[in-house]
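*Asks:* Provided below are the primary sequence and the corresponding predicted coordinates.
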Amino acid sequence: MSAPARIGVVGGGAWGTALANAAALAGRDVILWLRDTEAAARMAATRENAAYLPGVPLHPRVSPTATLGDLAAADALLLVTPAQTTRAMAAALAPVSPVTPLVICAKGVERETGAFLSDAVAEARPGAPVAILSGPSFAHDVARGLPTAVTLAAADGGLARDLAAALSGPALRVYHGTDPRGVEIGGAAKNVLAIACGAVIGRGLGESAKAALMARGFAELLRFAAAHGARPETIMGLSGLGDVVLTCGSAQSRNFAFGERLGAGASVAAASGGKLVEGAATAGALVGLARRAGLDMPVAEAVQAVLSGEIDLEGATGRLMNRPLRAE
Ligand SMILES: NC(=O)C1=CN([C@@H]2O[C@H](COP(=O)(O)OP(=O)(O)OC[C@H]3O[C@@H](n4cnc5c(N)ncnc54)[C@H](OP(=O)(O)O)[C@@H]3O)[C@@H](O)[C@H]2O)C=CC1
Ligand SMILES: O=C(CO)COP(=O)(O)O
């Protein structure tokens, strides 16, 4: 495949819109699909996604639509709806050619099945080439044209290179690779860790405690990735270390902000503030996969125990601090 000329984006939230603009800036024609007909018409008329990216003009090459059939004209599709909807979205792409490459841009693991998103999409669209795009990238930064680097991986290295070239532009640098499992694990697991880091800050436990959690949480991410066939160097890259540093260190992250509000005393139900918190949806599935693989993931276990109401934050802190001492 040569670099695709037309990109379809499935999902018109913050990240879908930012990626649509970035692809347009890279010289691609972009079809941006939203599920809401009125929202698509409004975006087409006002040339702005006022609900998710207010104040950011939509690039002239981006065409919003609510008609799934319009995506059939695209040479590759970016899947940018929430992780828990990715399988259903892929299954709904009947009007699109079965061999159109699909790039999963959501970050998570399926709550109901414990499936990685690449496996869920492969089941929904057998035979479609699948790639993963992930890395440290706040939608608002990308939308404002601030310099950002992400990574895009597929089993087919040539496909990953062509897709990365198609999306790279003046402010978005897309690396390519052949470890999609590592890239998707990095993006999914860092959100769970970010909740823990936010909770530490919200509860006033200090920056030292947060740094310890980040480091020990990163160690468990590496263990989890290795046990699931990913390469350690992928986790040391953008969709691992890079995204842990970003998401665990900024209240701009919805996962971190959710944890911060939990730490300050909000209930699990109230702490999201109505925003998408992928780590909360993924924590249970991540812990389930780790247990099945016989892995010790105390930080993810603590997050899941708090979210499920099994223990409170004080209990979680005590549990982590009182584990048997061990070599690092
Ligand atoms: N925001 C960011 O900075 C980044 C986000 N991501 C990832 O991208 C994914 C999407 O995040 P983001 O764009 O921020 O989320 P938003 O909450 O901003 O937008 C979600 C979008 O998905 C749509 N949507 C929700 N449910 C469905 C469904 N069942 N079928 C079709 N469309 C649906 C929403 O439509 P509606 O408005 O009609 O509800 C909305 O357009 C997440 O997995 C996130 O982790 C990755 C990197 C950066
Ligand atoms: O994935 C992201 C940045 O890389 C966005 O993080 P949040 O979903 O926590 O806002």
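*Replies:* Yep, that arrived. This one's a predicted model, so the numbers in the text were calculated from it and none came from an experiment. Ligands and ions are numbered 1, 2, ... in the order given.
*Asks:* stretch 179-186 and ligand 1 in contact?
*Replies:* No. In terms of Cβ under 6 Å from any ligand atom, no part of stretch 179-186 sits within range of ligand 1; the closest distance is 10.9 Å. Glycine gets a C-beta too; all of them are placed from N, C-alpha and C.
*Asks:* what's that stretch in contact with?
*Replies:* Applying Cβ atoms under 8 Å, 6 or more residues apart in numbering, the contact partners of stretch 179-186 are 104, 107, 116-118, 130-134, 151-155, 177, 221, 224-225, 228-231, 234-235, 237-240, 243-244.
*Asks:* does that stretch reach ligand 2?
*Replies:* No. Stretch 179-186 lies out of reach of ligand 2 by Cβ under 6 Å from any ligand atom, never closer than 10.1 Å.
*Asks:* what residues are up against L289?
*Replies:* With the criterion set at Cβ under 8 Å, 6+ apart, L289 makes contact with 109, 114, 224, 228.
*Asks:* ok now the helix or strand encompassing it, how far from the chain's centre?
*Replies:* Under the criterion DSSP states H and E, the helix or strand holding L289 is helix 278-292. Relative to the mean C-alpha coordinate of its chain, helix 278-292 is positioned 14 Å out (Cα atoms, centre = their mean, to the nearest Å).
*Asks:* in it, what counts as buried?
*Replies:* The neighbour-count check on helix 278-292 (16 or more other Cβ atoms under 10 Å) flags 278-287, 289-290 as buried.
*Asks:* same for ligand 2: which of these are within range?
*Replies:* E278.
*Asks:* which of the buried residues of helix 278-292 sits closest to ligand 1?
*Replies:* In terms of Cβ to the nearest ligand atom, no member of the buried residues of helix 278-292 lies closer to ligand 1 than E278, at 4.3 Å.
*Asks:* name only those of the contacts of stretch 179-186 that count as buried.
*Replies:* Buried by 16+ other Cβ under 10 Å: 104, 107, 116-118, 130-134, 151-154, 177, 221, 224-225, 228, 230-231, 234-235, 237-240, 243-244, out of the contacts of stretch 179-186.
*Asks:* filter those by proximity to ligand 1?
*Replies:* Among the buried ones among the contacts of stretch 179-186, ligand 1 is touched by K107 when using Cβ under 6 Å from any ligand atom.
*Asks:* which of the buried ones among the contacts of stretch 179-186 fall in helices?
*Replies:* Among the buried ones among the contacts of stretch 179-186, DSSP state H puts 117-118, 221, 224-225, 234-235, 243-244 in helices.
*Asks:* where in the stretch 51-200 of the chain is pLDDT low?
*Replies:* Within the stretch 51-200 of the chain, no range satisfies pLDDT under 70.
*Asks:* and it, which residues reach ligand 1?
*Replies:* So far as Cβ under 6 Å from any ligand atom goes, the stretch 51-200 of the chain lies against ligand 1 at 52, 80-83, 85, 89, 105-108, 137-139.
*Asks:* recalculate using a threshold of 5 Å.
*Replies:* With Cβ under 5 Å from any ligand atom as the criterion, the stretch 51-200 of the chain meets ligand 1 at residues 52, 81, 83, 85, 106-107, 138-139.
*Asks:* report how many residues lie close to R203.
*Replies:* R203 has 19 neighbours, counted by other Cβ atoms under 10 Å.
*Asks:* quick one: A293 from ligand 1, how far?
*Replies:* Using Cβ to the nearest ligand atom, to the nearest Å, we find A293 at a distance of 23 Å from ligand 1.
*Asks:* how about that residue: what's its closest non-neighbour residue?
*Replies:* A227 (4.6 Å; Cβ to Cβ, 6 or more residues apart in numbering).
*Asks:* am I right that the one you found is in contact with D296?
*Replies:* No. At 10.8 Å, A227 and D296 do not qualify as touching, with contact defined as Cβ atoms under 8 Å.
*Asks:* quick one: common contacting residues for the two?
*Replies:* Taking Cβ under 8 Å, 6+ apart as the criterion, A227 and D296 both touch A290.
*Asks:* quick one, strands of the stretch 101-250 of the chain?
*Replies:* Along the stretch 101-250 of the chain, the segments classed as strands by DSSP state E, counting those that start in this stretch run 102-104, 130-134, 148-154, 172-177.
*Asks:* need the residues of the stretch 201-328 of the chain near ligand 2, please.
*Replies:* Of all the residues in the stretch 201-328 of the chain, those in contact range of ligand 2 (Cβ under 5 Å from any ligand atom) are 243, 253-255.
*Asks:* now for the residues you listed, which pair is the farthest apart?
*Replies:* Farthest apart among these by Cβ to Cβ are D243 and R254. That separation is 13.3 Å.
*Asks:* element containing G318, please.
*Replies:* Using DSSP H and E, G318 sits in helix 313-321.
*Asks:* ok so, going back, in JSON lines, list the ones in helices among the buried ones among the contacts of stretch 179-186 along with distance to P60.
*Replies:* Listed next are these as JSON lines, based on distance: Cβ to Cβ, whole Å:
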{"residue": "L117", "distance to P60": "31"}
{"residue": "S118", "distance to P60": "33"}
{"residue": "L221", "distance to P60": "40"}
{"residue": "F224", "distance to P60": "43"}
{"residue": "A225", "distance to P60": "41"}
{"residue": "T234", "distance to P60": "36"}
{"residue": "I235", "distance to P60": "38"}
{"residue": "D243", "distance to P60": "31"}
{"residue": "V244", "distance to P60": "36"}
